[in-house]
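Visitor: Sequence plus predicted model, see below.
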Amino acid sequence: MRERDMQPDHLVTVADFQEASRHAISEPAWDYITGGSGDEITVRANTSVFEERRILPRMLRETSSIDTRTTILGAESGKPFAIAPMALQRLFHPEGEIATARAAARNDIPFSLATLSSIEMAKVVEHGGQFFFQLYWLRDRGLMAEMLAGAETFGCRAVILTVDAPPLGHRLRDVRNGFRLPDDVYPANIVSEDDEAAESLRDSVDLTFDTSLNWDDLEWIKEHCSLPLVIKGLLHPDDARAAVEHGADGIVVSNHGGRQLDQAVTSLEVLPLIREAVGPDLELVLDSGVRSGRDVLLALARGADSVFIGRPALWGLAVAGADGVSQVLGILEAELLDAMSLSGTRTIAEAKELAVW
Ligand SMILES: Cc1cc2nc3c(=O)[nH]c(=O)nc-3n(C[C@H](O)[C@H](O)[C@H](O)COP(=O)(O)O)c2cc1C
Ligand SMILES: O=C(O)C(=O)c1ccccc1
């Protein structure tokens, strides 16, 4: 890469940030963000499926003012996107989750705090705006109840239960790199500083997580927490129907960014089937593969109410902390506004009516 390209002013797409972040953090850390499971077939499909879609634009619609305001899982948002839950962000920048939360607030969008945050919930939420809490089903029910109570106390808008992990997918880049957590990065909501660091991510996940999760467990969460409950990681329309039957308030249609089952279908492909299964009213968030404002528009047009931004935020974080995340979010917003005005869509409601091929 030429020297000039590393200047923040020259980073004008998410792809630019992806490339620049390579030089900002260690190769194993970059591979951990960027890679996926198995042969990364789903990782590649997640982005190519967006590239293969085409927008059918409308004209003469007076697009001099565009309004992207909406609500996402009970949170007010200036744009139809929010930050996805992502673990252990101090791996990529010393300010970790605090930087991401700050950037989200600055850009008027919600962020998701992960169970495996590398900074305690209390310390992160004071820097951010509206937030969701992502829950992994843990062996330690007491700890889960504590975290849910904390989320309520801190004004969290929704609990997002991730159901497509554990067990963790086999991420071969991490295996080849012998990827280990450095001593000073650990899940701060779960372990304290002096706990023995677990050997590898997979080992620590196996020790902490409870893989017996099933539909009946949703009741336990509802008993321990009054917040809306959102299920993240569904792809099958029948699972989406079951989620509604078990009282879910929303679904994140996701293949975990191709980090879990390799060769799983993409979120964008199944989205219309899921919308059909749950009807027009249940809130659907899509993630996995959103890399531009046009992708956001495509997801809305195919049945999503909003999307989660995953890896792009972490590439921004790696490049320049909160400013980097903020720049990435700014790029997505500018691209979305551009795509909306050029396709004759003035509001999120109109974006959902747009035709795509
Ligand atoms: C480094 C990293 C860590 C993640 N950690 C979590 C997590 O702790 N909980 C969770 O539900 N999803 C986690 N995810 C998945 C994201 O929430 C999201 O589903 C995924 O990144 C979407 O794919 P994309 O980033 O390619 O768009 C993680 C993703 C990445 C890249
Ligand atoms: O890496 C991930 O995608 C993820 O969800 C996770 C799960 C356990 C530990 C760290 C990250």
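Guide: Arrived safely, thanks for sending. Ligands and ions are numbered 1, 2, ... in the order given.

Visitor: in stretch 227-239, what counts as buried?
Guide: Within stretch 227-239, the residues that count as buried by 16 or more other CB atoms under 10 Å are 227, 228, 229, 230, 231, 232, 233, 234, 235, 237, 239. For glycine as for every other residue, the C-beta is placed from the backbone atoms N, C-alpha and C.

Visitor: Can you give the distance of it from its chain's centre?
Guide: 14 Å (CA atoms, centre = their mean, to the nearest Å).

Visitor: Quick one: check it for contact with ligand 1.
Guide: Yes. Stretch 227-239 reaches ligand 1 (CB under 6 Å from any ligand atom) through residue 232.

Visitor: element containing residue 308?
Guide: In this assignment (DSSP states H and E), residue 308 forms part of strand 306-309.

Visitor: Show me what that strand is in contact with.
Guide: Contacts to strand 306-309, defined as CB atoms under 8 Å, 6 or more residues apart in numbering, come from residues 70, 72-73, 77, 80-84, 112, 252, 254, 283, 285-287, 290, 295-296, 299-300, 328-329, 332.

Visitor: follow-up on the earlier one: please tabulate the buried residues of stretch 227-239 in TSV, including the columns secondary structure.
Guide: Shown next, in TSV, are the buried residues of stretch 227-239 (DSSP: H, G, I helix; E, B strand; the rest coil):
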residue	secondary structure
227	coil
228	coil
229	strand
230	strand
231	strand
232	strand
233	strand
234	strand
235	coil
237	helix
239	helix
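
Visitor: quick revisit: in terms of secondary structure, what does whatever helix or strand comes next after the strand holding residue 308 contact?
Guide: Going down the chain from strand 306-309, the next helix or strand is helix 311-342, by DSSP H and E. Applying 3 or more CB pairs under 8 Å, 6 or more residues apart in numbering; DSSP states H and E, we find helix 311-342 packed against helix 14-22, helix 27-34, strand 81-83, helix 96-106, helix 293-301, strand 306-309.

Visitor: Any residue of helix 311-342 touching ligand 1?
Guide: Yes. With CB under 6 Å from any ligand atom as the measure, helix 311-342 is seen reaching ligand 1 through 311, 314.

Visitor: What residues of that helix count as buried?
Guide: 311-329, 331-333, 335-336, 339-341.

Visitor: again with stretch 24-33
Guide: Those buried within stretch 24-33 under the rule 16+ other CB under 10 Å are 24, 25, 28, 29, 30, 31, 32, 33.

Visitor: just stretch 208-224 next, same as before
Guide: 208, 209, 213, 218, 221, 224.

Visitor: So what's the gap between it and the chain middle?
Guide: 21 Å.

Visitor: could you give me the average pLDDT of that stretch?
Guide: For stretch 208-224, mean pLDDT rounds to 96.

Visitor: what does stretch 107-124 give?
Guide: The average pLDDT within stretch 107-124 is 98.

Visitor: Which positions in the protein make contact with ligand 2?
Guide: So the chain meets ligand 2 at 87, 88, 116, 165, 168, 201, 205, 256, 259 (CB under 6 Å from any ligand atom).

Visitor: Secondary structure class of the third one, three-state.
Guide: Put simply, residue 116 is coil when judged by three-state DSSP.
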